[in-house]
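J.: got a predicted model here, sequence first, then my questions.
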Amino acid sequence: MKLFERLTYRVVCGAGLALVSAIVLGLSSAHARQTESVRSAKEVRGGSPYVEIKNEPAPKLIVDSPLPDLLDRGVVWIQWRAENVRIVPVFGKGALNVSPRVGNLHVHVDDLPWWWADASDINTIDLAGLPAGPHKVRIELVDTNHDVFPGQSKTVTFTIPRGAAHSH
(Lines give C-alpha, C1' and ligand atoms only; values in the text may rest on other atoms or scores of the structure.)
Protein backbone atom coordinates (compact mmCIF):
# COMPACT_ATOMS: atom_id res chain seq x y z
CA MET A 1 0.00 0.00 0.00
CA LYS A 2 1.39 3.37 -0.94
CA LEU A 3 1.86 6.10 1.65
CA PHE A 4 -1.08 8.16 0.28
CA GLU A 5 -3.41 5.12 0.38
CA ARG A 6 -2.36 4.27 3.96
CA LEU A 7 -3.02 7.84 5.13
CA THR A 8 -6.39 7.95 3.36
CA TYR A 9 -7.31 4.57 4.86
CA ARG A 10 -6.42 5.77 8.39
CA VAL A 11 -8.41 8.98 7.97
CA VAL A 12 -11.47 7.16 6.61
CA CYS A 13 -11.29 4.43 9.26
CA GLY A 14 -10.68 7.02 11.98
CA ALA A 15 -13.66 9.06 10.82
CA GLY A 16 -15.80 5.93 10.68
CA LEU A 17 -14.71 4.97 14.18
CA ALA A 18 -15.47 8.47 15.41
CA LEU A 19 -18.90 8.33 13.79
CA VAL A 20 -19.64 4.92 15.31
CA SER A 21 -18.41 6.16 18.70
CA ALA A 22 -20.63 9.25 18.47
CA ILE A 23 -23.67 7.12 17.59
CA VAL A 24 -23.01 4.67 20.44
CA LEU A 25 -22.43 7.49 22.92
CA GLY A 26 -25.58 9.26 21.71
CA LEU A 27 -27.67 6.12 22.09
CA SER A 28 -26.13 5.47 25.50
CA SER A 29 -26.91 9.00 26.58
CA ALA A 30 -30.50 8.78 25.31
CA HIS A 31 -30.95 5.42 27.06
CA ALA A 32 -29.57 6.88 30.31
CA ARG A 33 -31.99 9.84 30.11
CA GLN A 34 -34.90 7.49 29.40
CA THR A 35 -33.89 5.18 32.25
CA GLU A 36 -33.60 8.11 34.65
CA SER A 37 -37.11 9.34 33.81
CA VAL A 38 -38.78 5.92 34.15
CA ARG A 39 -39.98 5.22 37.68
CA SER A 40 -39.99 1.62 38.86
CA ALA A 41 -43.20 -0.38 39.15
CA LYS A 42 -42.75 -0.47 42.93
CA GLU A 43 -42.43 3.33 43.06
CA VAL A 44 -45.66 3.79 41.12
CA ARG A 45 -47.83 0.89 42.30
CA GLY A 46 -46.35 0.08 45.71
CA GLY A 47 -45.03 -3.22 46.98
CA SER A 48 -45.77 -6.62 45.53
CA PRO A 49 -48.97 -8.28 46.75
CA TYR A 50 -46.85 -11.41 47.27
CA VAL A 51 -44.96 -9.84 50.15
CA GLU A 52 -46.47 -9.16 53.57
CA ILE A 53 -46.30 -5.50 54.54
CA LYS A 54 -45.01 -5.04 58.08
CA ASN A 55 -46.56 -2.13 60.01
CA GLU A 56 -48.85 -1.03 57.18
CA PRO A 57 -49.74 2.65 57.31
CA ALA A 58 -53.35 3.41 58.19
CA PRO A 59 -55.90 3.27 55.36
CA LYS A 60 -57.01 6.60 53.97
CA LEU A 61 -60.05 7.59 51.89
CA ILE A 62 -59.92 10.65 49.64
CA VAL A 63 -63.22 11.82 48.13
CA ASP A 64 -63.66 14.66 45.61
CA SER A 65 -66.68 16.91 45.24
CA PRO A 66 -69.17 15.64 42.65
CA LEU A 67 -68.25 16.44 39.07
CA PRO A 68 -70.52 19.26 37.88
CA ASP A 69 -70.74 17.98 34.29
CA LEU A 70 -74.09 16.17 34.45
CA LEU A 71 -75.79 17.45 37.62
CA ASP A 72 -78.26 19.35 35.43
CA ARG A 73 -79.27 15.96 33.99
CA GLY A 74 -79.67 14.38 37.44
CA VAL A 75 -76.44 12.37 37.20
CA VAL A 76 -73.90 12.47 40.03
CA TRP A 77 -70.31 11.28 39.63
CA ILE A 78 -68.16 11.26 42.76
CA GLN A 79 -64.52 10.31 42.29
CA TRP A 80 -62.57 8.72 45.14
CA ARG A 81 -59.36 6.89 45.87
CA ALA A 82 -58.03 4.82 48.74
CA GLU A 83 -54.51 4.60 50.09
CA ASN A 84 -52.98 1.68 51.97
CA VAL A 85 -55.91 -0.65 51.24
CA ARG A 86 -56.89 -2.55 48.10
CA ILE A 87 -60.57 -2.47 47.17
CA VAL A 88 -61.59 -6.02 46.27
CA PRO A 89 -64.68 -8.24 46.54
CA VAL A 90 -63.39 -10.12 49.59
CA PHE A 91 -65.49 -10.22 52.75
CA GLY A 92 -65.47 -11.77 56.22
CA LYS A 93 -63.32 -11.89 59.32
CA GLY A 94 -60.99 -14.45 57.74
CA ALA A 95 -59.60 -11.71 55.50
CA LEU A 96 -59.02 -9.13 58.25
CA ASN A 97 -55.33 -10.02 58.54
CA VAL A 98 -54.55 -10.19 54.83
CA SER A 99 -51.51 -8.18 53.77
CA PRO A 100 -51.60 -5.98 51.79
CA ARG A 101 -54.81 -4.87 53.50
CA VAL A 102 -58.13 -5.26 51.64
CA GLY A 103 -61.52 -3.64 52.04
CA ASN A 104 -64.44 -2.05 50.22
CA LEU A 105 -66.73 0.97 50.34
CA HIS A 106 -70.15 1.53 51.85
CA VAL A 107 -72.21 4.19 50.09
CA HIS A 108 -75.12 5.88 51.92
CA VAL A 109 -77.49 8.31 50.17
CA ASP A 110 -79.52 10.97 52.02
CA ASP A 111 -79.60 9.11 55.37
CA LEU A 112 -81.75 6.34 53.91
CA PRO A 113 -81.78 3.21 56.09
CA TRP A 114 -79.96 1.13 53.44
CA TRP A 115 -76.54 1.35 51.80
CA TRP A 116 -74.60 -0.63 49.25
CA ALA A 117 -71.14 -2.11 49.26
CA ASP A 118 -68.85 -1.20 46.37
CA ALA A 119 -65.88 -3.53 45.88
CA SER A 120 -65.20 -2.56 42.28
CA ASP A 121 -62.27 -0.13 42.69
CA ILE A 122 -63.57 1.75 39.62
CA ASN A 123 -62.88 5.10 41.43
CA THR A 124 -66.18 6.79 40.62
CA ILE A 125 -69.55 6.43 42.31
CA ASP A 126 -72.31 6.91 39.73
CA LEU A 127 -75.83 7.93 40.82
CA ALA A 128 -78.79 8.86 38.63
CA GLY A 129 -82.45 9.64 39.04
CA LEU A 130 -82.22 11.67 42.25
CA PRO A 131 -84.97 14.27 42.60
CA ALA A 132 -84.19 17.99 42.37
CA GLY A 133 -82.91 19.56 45.56
CA PRO A 134 -80.07 19.10 48.06
CA HIS A 135 -78.54 15.68 48.65
CA LYS A 136 -75.68 14.11 50.57
CA VAL A 137 -73.70 10.95 50.00
CA ARG A 138 -71.62 9.40 52.78
CA ILE A 139 -68.81 7.12 51.64
CA GLU A 140 -67.10 4.85 54.16
CA LEU A 141 -63.89 2.89 53.73
CA VAL A 142 -64.50 -0.41 55.50
CA ASP A 143 -62.60 -3.59 56.27
CA THR A 144 -63.67 -7.06 55.11
CA ASN A 145 -65.91 -7.36 58.17
CA HIS A 146 -67.76 -4.13 57.18
CA ASP A 147 -66.30 -2.08 60.05
CA VAL A 148 -65.36 1.49 59.11
CA PHE A 149 -61.62 2.15 59.31
CA PRO A 150 -61.22 4.85 62.01
CA GLY A 151 -61.81 8.33 60.60
CA GLN A 152 -62.43 7.10 57.06
CA SER A 153 -65.98 8.29 56.43
CA LYS A 154 -66.48 11.23 54.05
CA THR A 155 -69.69 13.09 53.20
CA VAL A 156 -70.24 15.12 50.04
CA THR A 157 -73.19 17.41 49.45
CA PHE A 158 -74.60 18.67 46.19
CA THR A 159 -77.81 19.99 44.68
CA ILE A 160 -79.68 18.61 41.71
CA PRO A 161 -81.11 21.70 39.95
CA ARG A 162 -84.86 22.13 39.55
CA GLY A 163 -85.95 21.00 36.12
CA ALA A 164 -83.03 18.57 35.76
CA ALA A 165 -83.71 16.00 33.09
CA HIS A 166 -83.50 12.58 34.67
CA SER A 167 -81.06 10.51 32.68
CA HIS A 168 -81.04 6.74 33.19
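T.: Great, that's in hand.
J.: and the next helix or strand past the least confident helix or strand in the chain by mean pLDDT?
T.: When each helix and strand of the chain is scored by mean pLDDT, DSSP states H and E, helix 3-37 comes last, with a mean of 54. Per DSSP states H and E, helix 3-37 leads on to helix 41-45 as the next helix or strand towards the C-terminus.
J.: which residues sit against that following helix?
T.: With contacts defined as CB atoms under 8 Å, 6 or more residues apart in numbering, helix 41-45 is touched by Ser48. For the C-beta atoms, the positions are set from N, CA and C on the backbone; glycine is no exception.
J.: toward the C-terminus, what is the element adjacent to it?
T.: Note on helix 41-45: by DSSP H and E, the next helix or strand toward the C-terminus is strand 60-63.
J.: can you name every helix or strand that that following strand contacts?
T.: Under the contact criterion of 3 or more CB pairs under 8 Å, 6 or more residues apart in numbering; DSSP states H and E, strand 60-63 touches strand 75-83, strand 133-142, strand 148-160.
J.: what about 6 Å?
T.: Here strand 60-63 touches strand 75-83, strand 148-160, going by 3 or more CB pairs under 6 Å, 6 or more residues apart in numbering; DSSP states H and E.
J.: how far does the first one sit from its chain's centre?
T.: Average the C-alpha atoms of strand 75-83, do the same for its chain, and the two points are 12 Å apart (CA atoms, centre = their mean, to the nearest Å).
J.: what lines up beside that strand in the sheet?
T.: Using DSSP bridges, strand 75-83 pairs in its sheet with strand 60-63 (antiparallel), strand 124-128 (antiparallel).
J.: so which bits of it are buried?
T.: Val75, Val76, Trp77, Ile78, Trp80, Ala82 (16 or more other CB atoms under 10 Å).
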